[in-house]
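Asks: Sequence below, structure please.
(one chain, ligands or ions: 2)
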Amino acid sequence: MEKYINAFIEALTGTLSWTWDSILFKVPWYNNYFWGLIVISLVVWILEIIFPWRKNQSFIRKDFWLDGFYMFFNFFIFAIVISGFYKILGILFSEIGITSKTLAVIDITHWSMWLQLLVFFIVLDFVQWFTHVLLHKYDFLWRFHKVHHSVKEMGFAAHLRYHWMENIFYKPLKTFGVMILGGFEPEQGYIVHFIAITIGHLNHANIKITWGPLKYLLNNSVMHLYHHVKLLPDGRSKGINFGISLSIWDYIFKTNYIPEESGTIELGFHDEKNFPIGFLRQLLYGFRPNKKEN
Ligand SMILES: [Zn+2]
Ligand SMILES: [Zn+2]
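Replies: Ligands and ions are numbered 1, 2, ... in the order given. Okay, the predicted model is just below:
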């Protein structure tokens with residue numbers, strides 16, 4: 001038992017001091033997600049101010065600060081709190097003979113760096129696309145995912161407005177994806193993570209980006225805005241445009257839908273009337289038993 005408690009405390013304090021060192025610039029710049037997130041956010045925000053898609057939207061839009069808080073809460077506070085639990089899970093799995101190397105389907109360790117990063121990016125993006133589909137399909141998952149869909153005015157910071165339980169829901173398939181690659185995370189994995197954060201910010205930003213013909217490959221703000229549409233088209237009540245960084249999965253699985261590009265559609269969900277507006281009540285909402293809400 002002592003072994004587990006020690007591992008728990010070690011992981012927790014390790015993540016806490018890593019975060020603190022990041023704030024104080026004491027970690028390599030390319031691993032500094034704290035300042036990295038701030039720099040990407042500032043750049044995208046400035047682009048929103050200079051090139052706004054919805055010109056009448058204030059650059060400090062509705063819920064801007066709430067979303068900013070979600071961003072840091074999910075990225076750092078949650079990561080610190082959960083680290084000890086994940087560590088214990090890792091130990092328990094390895095004790096029954098399951099490690100990140102157990103499932104290895106392809107060995108990419110001898111491939112060139114860019115090919116490794118590309119495969120890593122594509123596999124992780126696909127498992128996240130699939131998890132996102134599930135968040136919309138099952139009611140108990142949707143209750144948590146509603147936090148992300150409660151955004152009424154879209155801007156970059158909405159990217160990381162989501163319930164912390166989503167981290168938990170995404171974790172198994174993301175781990176599975178890494179296991180398929182032999183437990184291998186490329187040394188330069190930070191490049192993939194930073195690209196994914198940037199694409200996610202741009203997908204939510206008040207900037208019209210379509211990527212031209214690359215739109216069939218890359219997710220974009222026009223496509224993702226429709227993911228947030230309040231009134232879903234007939235026969236598509238479980239959602240559309242589930243893409244994270246890539247849009248190609250939606251085109252392959254025919255979940256794509258972009259009827260127009262004005263950017264002026266109403267966002268939300270049909271029973272949003274009773275959805276709480278504050279951070280704490282939004283966190284509790286998903287855990288409450290499902291009441292009829294209309
Ligand atoms: Zn969604
Ligand atoms: Zn979104």
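
Asks: State the distance from residue 203 to residue 227.
Replies: When C-beta to C-beta, to the nearest Å is applied, the distance between residue 203 and residue 227 equals 9 Å. For glycine as for every other residue, the C-beta is placed from the backbone atoms N, C-alpha and C.

Asks: Correction: the previous question concerned residue 37.
Replies: For residue 37 relative to residue 227 (C-beta to C-beta), the value is 22 Å.

Asks: ok, now residue 26?
Replies: Plainly put, residue 26 is 38 Å away from residue 227 if you go by C-beta to C-beta.

Asks: try residue 73
Replies: Relative to residue 227, residue 73 is positioned 22 Å away (criterion: C-beta to C-beta).

Asks: Can you pick out the residue with more neighbours from these two?
Replies: The residue with more neighbours, out of residue 73 and residue 227 and counting by other C-beta atoms under 10 Å, is residue 227; that gives 23 against 18.

Asks: Quick check: that one touching residue 242?
Replies: Yes. Using C-beta atoms under 8 Å, residue 227 is in contact with residue 242, at 6.8 Å.

Asks: what's the overlap in contacts for those two?
Replies: Overlap between the neighbourhoods of residue 227 and residue 242 is empty, taking contacts as C-beta atoms under 8 Å, 6 or more residues apart in numbering.

Asks: can you map out the helices along the stretch 51-200 of the chain?
Replies: Read by DSSP state H, counting those that start in this stretch, the stretch 51-200 of the chain holds these helices, from start to end of the chain: 64-72, 78-95, 113-137, 139-149, 165-180, 189-204.

Asks: closest to residue 269 out of these?
Replies: In this view, those are compared for proximity to residue 269 by C-beta to C-beta, and helix 139-149 is the closest at 5.2 Å.

Asks: got the contact list for the closest one?
Replies: Counting by C-beta under 8 Å, 6+ apart, helix 139-149 makes contact with 134-136, 158, 161-163, 165-166, 169, 228, 267-269, 272, 275, 282-283, 285-286, 290, all of which sit outside it.

Asks: CA atoms of that helix as CSV?
Replies: Output of helix 139-149 as CSV, limited to C-alpha atoms (Å, rounded to 0.1, in the frame of the first residue of the first chain):
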residue,chain,number,x,y,z
ASP,A,139,-26.6,10.7,-23.1
PHE,A,140,-24.4,10.3,-20.0
LEU,A,141,-21.4,11.5,-22.0
TRP,A,142,-23.3,14.2,-23.7
ARG,A,143,-24.3,15.7,-20.3
PHE,A,144,-20.6,16.5,-19.7
HIS,A,145,-19.9,17.5,-23.3
LYS,A,146,-22.7,20.1,-23.1
VAL,A,147,-20.3,22.4,-21.3
HIS,A,148,-18.3,22.7,-24.5
HIS,A,149,-21.5,23.2,-26.5
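
Asks: Surely residue 152 touches residue 269?
Replies: No. Under the criterion of C-beta under 8 Å, residue 152 lies out of contact with residue 269, with a separation of 10.7 Å.

Asks: OK, contacts around residue 232?
Replies: Residues counted as contacts of residue 232 (C-beta under 8 Å, 6+ apart) are 239, 240.

Asks: so how far is residue 131 from residue 138?
Replies: With distances taken as C-beta to C-beta, residue 138 is found 11 Å from residue 131.

Asks: quick one, which of the two is more surrounded?
Replies: The neighbour count for residue 138 versus residue 131, taken as other C-beta under 10 Å, is higher for residue 131 (19 against 13).

Asks: State the distance from residue 10 to residue 192.
Replies: Using C-beta to C-beta, which is the criterion applied here, residue 10 is 27 Å from residue 192.

Asks: With neighbour numbers in mind, choose between those two.
Replies: Neighbour count, other C-beta under 10 Å: between residue 10 and residue 192, residue 192 has more, with 20 against 13.

Asks: What spatial separation is found between the more buried one and residue 128?
Replies: Applying C-beta to C-beta, one obtains 12 Å for the distance of residue 192 from residue 128.
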